[in-house]
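K.L.:
here is a sequence with its predicted model. Questions after.
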Amino acid sequence: MTVADALPAAAPRDAPLSYAAVGATQAPDLLYYPPKGFRPMERQARIGSGAARFETASAKLMAWGVQRGSGLTVDDIRMPAPTDTDYAGLVYDAAGTPVRPRSADAEQAYGEDGTPLVTPGMTAVVGIRLLGRTVAAPVRVVYLLDEPGRRGFAYGTLPGHPESGEELFAVEHRSDDSVWVVVRAFSRPSSWLYWLGYPVLRVMQEHATRRYLRSLSPARGV
């Protein structure tokens with residue numbers, strides 16, 4: 001049985017996201033003014049230099065390489081329904097303000113191993129090891145980044161996830177030719193049960209983030 005089989009029946013995949021501030025991981029002042037009640041986080045690590053390095057790392061990232069490379073599982077990947085425009089995603093300006101809906105008519109792309117590349121509105125179940133067991137953490141991709149020198153995506157939590165919030169994964173090719181992986185997030189426990197274990201959740205999130213940053217390292221053959 002995969003972790004997707006453990007998804008509660010009360011949390012359908014077309015359910016609304018479990019938080020309101022969709023897209024706030026793009027806000028420049030996220031670390032100082034996070035959505036009320038949420039804890040912000042940003043971490044980054046250099047993973048090389050040059051255009052070829054950027055292309056290789058960003059291609060891996062867009063095929064769920066950060067999650068899988070850090071030891072998580074990604075199961076039950078589903079495309080948004082063709083008629084579903086609610087989750088096609090939004091286009092944001094530099095301040096993180098939504099300016100228009102994203103087009104939903106782009107053709108689905110696939111990685112070298114046949115994995116569907118990340119698409120706005122796509123849902124998946126991430127398998128997280130928590131206190132000795134695998135917890136099903138359903139997520140929905142809320143936007144993509146595809147800019148000169150910057151590529152990535154963010155997903156938000158769905159009901160049934162241990163946390164509530166959003167996480168952004170990006171690869172950046174900077175002006176000094178260096179290439180960096182960046183993780184930004186805001187989160188809080190999703191229920192009273194997880195609030196009881198909040199100190200443990202914070203330690204686990206920090207540990208997971210360190211593994212995210214190492215997942216695209218050249219030392220791992222990426």
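P.N.:
Right, received. Where do you want to start? Residues are numbered from 1 along each chain as shown.
K.L.:
how much space between A185 and P218?
P.N.:
Computed as CB to CB, to the nearest Å, the A185 to P218 distance reads 25 Å. Every C-beta, even on glycine, is put in place using the N, C-alpha and C of the backbone.
K.L.:
so what secondary structure elements neighbour the longest helix belonging to the chain?
P.N.:
As assigned by DSSP state H, the longest helix anywhere in the chain is helix 198-214. Contacts defined by 3 or more CB pairs under 8 Å, 6 or more residues apart in numbering; DSSP states H and E place helix 198-214 against strand 39-49, helix 65-69, strand 163-173, strand 178-189.
K.L.:
closest one to Q26 among these?
P.N.:
strand 163-173 (7.2 Å; CB to CB).
K.L.:
just the mean pLDDT for the longest strand along the chain, thanks.
P.N.:
Ranked by residue count under DSSP state E, the longest strand found in the chain is strand 133-147. Predicted confidence along strand 133-147 averages 90 (mean pLDDT).
K.L.:
again, but for stretch 71-79
P.N.:
The average pLDDT within stretch 71-79 is 88.
K.L.:
check stretch 171-179 too.
P.N.:
Rounded mean pLDDT across stretch 171-179 is 97.
K.L.:
surely H173 is in contact with V181?
P.N.:
No: judged on CB atoms under 8 Å, H173 makes no contact with V181 at a distance of 11.2 Å.
K.L.:
now do the SS call for the residue lying farthest from the centre of the chain.
P.N.:
Residue farthest from the centre of the chain, counting by CA atoms, centre = their mean, is D176 at 26.4 Å. The three-state label given to D176 by DSSP: H, G, I helix; E, B strand; the rest coil is coil.
K.L.:
got the phi and psi for it?
P.N.:
Per-residue torsions, D176: phi -90, psi 10 (degrees, to the nearest 10).
K.L.:
residues contacting it?
P.N.:
The contact partners of D176, by CB atoms under 8 Å, 6 or more residues apart in numbering, come to none.
K.L.:
measure it to W192 for me?
P.N.:
47 Å.
K.L.:
now do S164
P.N.:
12 Å.
K.L.:
do the same with L213
P.N.:
31 Å.
K.L.:
looking at these two, which is more packed in?
P.N.:
L213 (20 against 7; other CB atoms under 10 Å).
K.L.:
that one against Q44, yeah?
P.N.:
Yes: applying CB under 8 Å, one finds L213 in contact with Q44, separated by 7.3 Å.
K.L.:
tell me, what's touching those two both at once?
P.N.:
Common neighbours of L213 and Q44 (criterion: CB under 8 Å, 6+ apart): 181, 183.
K.L.:
so where's the chain uncertain?
P.N.:
Along the chain, segments meeting pLDDT under 70 span 1-13, 81-115, 130-131, 195-198, 201, 219-222.
K.L.:
run the last query once more with 50
P.N.:
Applying pLDDT under 50 to the chain picks out residues 1-11, 83-86, 88, 104-105.
K.L.:
and the gap between the residue nearest to G71 when sequence neighbours are not counted and P28?
P.N.:
Of all residues not flanking G71 in the chain, R211 sits nearest, at 6.2 Å (CB to CB, 6 or more residues apart in numbering). Separation of R211 from P28 (CB to CB) stands at 26 Å.
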